[in-house]
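Asker: Show me how the following folds:
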Amino acid sequence: MEASTRRSAILRALTAADSPISASALAAQFSVSRQIIVGDVALLRAAGEAISATPRGYVLERAEQGITRTVACRHPIEGTEQELQIMVDNGCTVLDVVVEHAVYGQLTGQLQIRSRYDVAQFMERLILDGAKPLSSLTDGIHLHTLLCPDEAAFRRTRDALRAAGFLLE
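Answerer: Residues are numbered from 1 along each chain as shown. Model (predicted):
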């Protein structure tokens, strides 16, 4: 398969997908190396395609219904799973996490966490990779961008984060 044909097929696969697709899965599908897929996705992005890399794979950004809000949080690493569960249990999608780094400035990690299953997958990935959340760089202080179905869902989320002691106010 020619590279341009493969890139078109990658874009079609991402458009049809209802969940992230890993570079390894795309590599297996197209019988190429993972690094070839990473390069293809980089070229697609350079061409203007809105592809995000999440901890679970690539997603094509789509216009979604709802409101976008930001919350500032602070908690120890051990609170990460509970924090994310609070957000998804109240109907919000956790789009990203943002920290302010002393050297690099703002660092953003794409999350796209919509459910408890996604939370479990994220936590498992942290453990398996021996990784730490970005908030470990900033003494637990971080922001989350949330996509909520409505203002009531955002208020519920904010109130539950406050009750858990996670909301930075």
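
Asker: any idea how far the spatially most central residue of the chain lies from Leu44?
Answerer: For the chain, the residue nearest the mean C-alpha position is Leu111 (1.0 Å; CA atoms, centre = their mean). Here Leu111 is placed at a distance of 21 Å from Leu44 (CB to CB, to the nearest Å). Every C-beta, even on glycine, is put in place using the N, C-alpha and C of the backbone.

Asker: Using CSV, write out the CA atom coordinates for the lowest-mean-pLDDT helix or strand in the chain.
Answerer: Sorted by mean pLDDT, DSSP states H and E, the helices and strands of the chain end with strand 51-54, the least confident at a mean of 87. Extracted C-alpha coordinates of strand 51-54, given in CSV (Å, rounded to 0.1, in the frame of the first residue of the first chain):
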residue,chain,number,x,y,z
ILE,A,51,-5.8,14.2,15.4
SER,A,52,-5.0,14.0,19.1
ALA,A,53,-2.8,11.4,20.8
THR,A,54,-4.4,10.2,24.1
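
Asker: what distance separates that strand from the middle of the whole chain?
Answerer: Centroid separation between strand 51-54 and its chain, computed with CA atoms, centre = their mean, to the nearest Å, is 8 Å.

Asker: Tell me the strands beside it, with direction?
Answerer: According to DSSP bridges, strand 51-54 forms sheet pairs with strand 57-60 (antiparallel).

Asker: Restrict stretch 78-95 to CA atoms and write it as CSV.
Answerer: Presented in CSV, the C-alpha positions along stretch 78-95 are these (Å, rounded to 0.1, in the frame of the first residue of the first chain):
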residue,chain,number,x,y,z
GLU,A,78,-3.4,8.7,45.3
GLY,A,79,-6.4,10.9,44.6
THR,A,80,-6.1,10.7,40.8
GLU,A,81,-8.5,7.8,40.2
GLN,A,82,-11.2,9.2,42.6
GLU,A,83,-10.9,12.6,41.0
LEU,A,84,-11.4,11.2,37.5
GLN,A,85,-14.3,9.0,38.6
ILE,A,86,-16.1,12.0,40.1
MET,A,87,-15.9,13.8,36.8
VAL,A,88,-17.2,10.9,34.6
ASP,A,89,-19.8,9.9,37.2
ASN,A,90,-21.3,13.3,36.9
GLY,A,91,-21.5,13.1,33.1
CYS,A,92,-18.5,15.0,32.1
THR,A,93,-15.7,14.0,29.7
VAL,A,94,-12.2,14.8,30.9
LEU,A,95,-10.6,16.3,27.8
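
Asker: Now tell me what touches that stretch from outside.
Answerer: Contact partners of stretch 78-95, identified using CB atoms under 8 Å, 6 or more residues apart in numbering, comprise 64, 66, 68, 73, 75, 110-116, 118-119, 122-123, 126, 133, 135, 140, 144-149, 153-154, 156-157, 160-161, 164, 166.
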